[in-house]
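**Student:** below: sequence and its predicted model.
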Amino acid sequence: MTEPTQDSLWQSTKELAEADLTAAAARAPERNRARSHLPDGQPESAAFLNGQPRPEPDLRFRDPALEPIWRKVQTGERLTRSDGLTLFASPDLNGLGAMADWRKTQLHGDQAYFVFNRQVNPTNLCVLDCKFCDYAHHPLDPKGYAMSIDQVLAKLSPELREVHIVGGLHHQWRFDYYVDVVRQIRRAFPTIQIKAYTAVEIDFFAKIAKLSIERVLETLVEAGLDSMPGGGAEVFSERVRAELFPKKIGAEAWLNVHRIAHRMGIPTNSTLLYGHIETHEERVDHMLLLRELEDEAPGFLAFIPLAFQTGYSDIVKRGPSAVEDLKTIAAARLLMDNMPHIKSYWVMLGEDTASVGLNFGASDIDGTIFEEKIAHAALAESPVGLARERILQMIREAGKIPVERDALYNIVDRYPIRASEPGTATGDIASTGQVTAPGQVVAGA
Ligand code: SF4
């Protein structure tokens, strides 16, 4: 294989993108099973609490600037950019949380979702060198690794509902190898849903294989891909990109990959890396761009705010505070009225803040993960994986009802709000909370 040059890798793919969009638009998004979980009307639990009609909310705000926003939220009026900035500027954290939790309850009742999943990162070798990334290594670096397909398969077991695959942009692997990873997983584990490759990776595959984005996605779907993760978005700001990740695709290309995926019926996630050099304006603008895309080409499953881990980089002295974490979750829930779920991602937030986030508008806490590597390369303090029982405990501590889902948010099991009560959970894994995948690293069990 001829190694691609930086120029050939990063040249514009505008012509291909235009062709992709035309072809994708012609396809019926019948594969979009992901949205099947969304209620046609209000879920019963949004209207009822303990069998009684839920009382009308009577919120009092310490910050009067939140009152007009609350009126809009109650009547379903879409919030503006200026409202978003007011949310971030407000010192009334409880007021923000109460509004966002009310909105989340309208959408999902008291339920909080999680998934029995595993992350696999096939390689940490990467042709890019994003300034904030402690995970990636240069091809000549002895700390680099590249897994064989057998090594990837050895990480999995049939009980998993989802495998989440992301990694570096390897300097030698062909597109066929990435496809083969998906195909072999699908063959060996037909029931595990495969959520693989960020928009950054998809764009890279298109460049090294000289294919359109649509053809890349089509090939991966044929091999067994079910959905895409939302990483690589970082912050949709050219100012921040120039400073922290100049060689990585920017907003336009990232949004275009997800636009094409949605039009092909492939559900995806979205992210924001916050708490470094970005401003509140840039956070709000980022959320509004995602909202706009979801209006135009629906297909997002969730938005995951990723709290910056300072790691070994010298970018900032400390990452975002818990207050900033909770404000970001709440603002996301209120601003992106068309985003199905907001995640309180325990890996980046830590278990305690993630649990509190479920009262600030989040309806999902991610999953068991087993072996998180990317945030932990940047010194994240959370465990690298959690047992199902620990996740149930975090959700219950937040006063929410644990609901186990698959990668596409189809419900697998519902659990009682209190551990002592009988629930509908069935099966050995659900009832014991034991994680049995081979080669696991599980903490916090
Ligand atoms: S953030 Fe992703 S693209 Fe950037 S260096 Fe790290 S692995 Fe590579």
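**Tutor:** Sure, I can see it.
**Student:** how about stretch 241-248: buried residues?
**Tutor:** 241, 244-245, 248 (16 or more other C-beta atoms under 10 Å). To be clear about C-beta, it is placed using only N, CA and C from the backbone, and glycine gets the same treatment.
**Student:** quick one: the strands in this structure, in order.
**Tutor:** Secondary structure of the chain (DSSP state E): strands located at 48-49, 52-53, 111-115, 117-120, 162-165, 193-196, 268-274, 300-307, 341-342, 364-367, 401-405, 411-414.
**Student:** check whether the longest one contacts the ligand.
**Tutor:** What it means is strand 300-307. No. Against the ligand, strand 300-307 shows no contacts by C-beta under 6 Å from any ligand atom, the least distance being 11.2 Å.
**Student:** hmm, back to that, next step: the buried residues of stretch 241-248 restricted to helices.
**Tutor:** With helices taken from DSSP state H, the overlap with the buried residues of stretch 241-248 comprises 241, 244.
**Student:** count the neighbours of the closest residue to Ile315 other than its chain neighbours for me.
**Tutor:** In this structure, Ile315 finds its nearest non-sequential neighbour in His276, 5.2 Å apart by C-beta to C-beta, 6 or more residues apart in numbering. The tally of other residues near His276 (other C-beta atoms under 10 Å) stands at 21.
**Student:** over to Gln393?
**Tutor:** Gln393: 18 neighbours (other C-beta under 10 Å).
**Student:** how about the closest residue in space to it that isn't next to it in sequence, phi and psi?
**Tutor:** Of all residues not flanking Gln393 in the chain, Ala419 sits nearest, at 7.6 Å (C-beta to C-beta, 6+ apart). Dihedral pair for Ala419: phi -60, psi -30, per degrees, to the nearest 10.
**Student:** number of nearby residues for whichever residue of the stretch 301-445 of the chain sits closest to the ligand?
**Tutor:** Per C-beta to the nearest ligand atom, Ile374 is where the stretch 301-445 of the chain lies closest to the ligand, at 7.6 Å. Neighbourhood size, Ile374 [other C-beta under 10 Å]: 22.
**Student:** which parts of this protein sit against the ligand?
**Tutor:** So the chain meets the ligand at 126, 128-130, 133, 135-136, 168-169, 200, 248 (C-beta under 6 Å from any ligand atom).
**Student:** what pairs with the residue nearest the centre of the chain across the strands?
**Tutor:** Centroid-nearest residue in the chain, with C-alpha atoms, centre = their mean: Ile304, separated by 4.2 Å. Using DSSP bridges, the bridge partners assigned to Ile304 are Thr271.
**Student:** now do the contacts for it.
**Tutor:** Taking C-beta atoms under 8 Å, 6 or more residues apart in numbering as the criterion, Ile304 is in contact with 230, 269-272, 342-343, 345, 366.
**Student:** now do Asp63
**Tutor:** Counting by C-beta under 8 Å, 6+ apart, Asp63 has contacts 90-92, 95.
**Student:** of these, which belong to helices?
**Tutor:** Short answer: the contacts of Asp63 in helices (DSSP H) are Gly95.
**Student:** and the contacts of Asp63, which is closest to the ligand?
**Tutor:** The closest of those, once distances to the ligand are taken by C-beta to the nearest ligand atom, is Ser90, at 32.0 Å.
**Student:** that closest one contacts Leu66, correct?
**Tutor:** Yes. When contacts are counted by C-beta atoms under 8 Å, Ser90 is listed as touching Leu66 (5.8 Å).
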